[in-house]
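Enquirer: no sequence for this one, just the structure:
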């Protein structure tokens with residue numbers, strides 16, 4: 001039986017963690033009887049009660065819930081370090097803790113990774129996808145993905161959907177090569193995987209933007225745009241220098 005790791009990277013998610021972790025556990029129990037699965041909650045330098053709540057839930061289901069605490073912010077650094085510690089799984093996956101992507105698409109994501117794809121990602125921009133999103137964030141996201149096509153010549157449509165599954169091979173061989181610690185990590189990994197011949201698949205998903213006043217990001221949209229523009233051009237320079 002294949003071993004499946006389902007990862008929830010969390011930064012200050014005390015408002016939603018317990019409810020969504022229980023939803024995810026129930027989904028896994030109902031849909032992954034053919035896998036030896038575990039859920040890994042990675043606390044990513046939270047300043048609220050996220051870590052404490054994760055430990056409480058782990059005590060209730062120690063056979064199925066794992067925990068890891070990282071003290072540096074950023075999804076990239078959290079996943080890179082956590083997966084290095086839990087290195088004996090056949091399939092790795094992660095999703096955003098708010099469950100913005102409908103779980104109905106999760107089994108397909110995992111099955112495609114089990115069938116030989118190295119990187120399987122949810123895509124909000126395939127024709128069959130169903131998304132509801134703030135207009136400003138939608139425009140910025142589409143501009144970002146367009147820049148990736150122009151500057152880095154990528155052939156995928158959605159770099160940053162927080163809903164992915166990976167073969168153990170790509171985690172062990174490629175994740176350690178990533179350098180970004182934050183949101184660009186997804187893009188970086190997909191670009192490196194494509195340039196090095198790993199098999200990538202995008203699947204359509206249903207996705208809903210979930211932002212409330214308590215959990216609303218404090219980062220300026222334009223500050224994030226500047227950061228990502230810098231990341232794109234640094235990535236181009238890196239690829240050129242290494243001739244990848």
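Expert: That came through fine. Just so it is clear, the model here is predicted, and its values are computed rather than measured.

Enquirer: now the biggest helix by length in the chain: mean pLDDT?
Expert: When secondary structure is assigned using DSSP state H, the longest helix within the chain turns out to be helix 221-242. Taken as a whole, helix 221-242 carries a mean pLDDT of 86.

Enquirer: Buried residues of it, list them for me.
Expert: Neighbour counts using 16 or more other CB atoms under 10 Å place 224, 228, 231-232, 235 of helix 221-242 among the buried residues. Where C-beta positions appear, they are placed from N, C-alpha and C, glycine not excepted.

Enquirer: Output the residues you listed as CSV; include the columns distance to residue 31.
Expert: Supplementary listing: the buried residues of helix 221-242 in CSV, determined by distance: CB to CB, whole Å:
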residue, distance to residue 31
224, 34
228, 34
231, 35
232, 36
235, 36
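
Enquirer: Is residue 142 part of a helix or strand, or is it coil?
Expert: Local secondary structure at residue 142 is given as helix here, using DSSP: H, G, I helix; E, B strand; the rest coil.

Enquirer: swap in residue 18?
Expert: With three-state DSSP as the criterion, residue 18 reads helix.

Enquirer: Quick check: it vs residue 182, distance?
Expert: With distances defined as CB to CB, to the nearest Å, the gap from residue 18 to residue 182 amounts to 26 Å.

Enquirer: how about low-confidence regions in this protein?
Expert: In the prediction, the chain carries residues with pLDDT under 70 at positions 211-221.

Enquirer: Which residue ranges of it form strands?
Expert: Under the criterion DSSP state E, strands of the chain are mapped to 3-10, 36-44, 65-70, 91-95, 119-123, 130-132, 163-167, 200-204, 206-208.

Enquirer: of those, which approaches residue 26 most closely?
Expert: strand 36-44 (11.0 Å; CB to CB).

Enquirer: distance between that closest one and the chain's centre?
Expert: Using CA atoms, centre = their mean, to the nearest Å, the mean C-alpha position of strand 36-44 is found 12 Å from that of the whole chain.

Enquirer: between it and strand 91-95, how many degrees?
Expert: Between the axes of strand 36-44 and strand 91-95, defined by axes from the mean of the first three to the mean of the last three CA atoms, to 10 degrees, the angle is 50 degrees.
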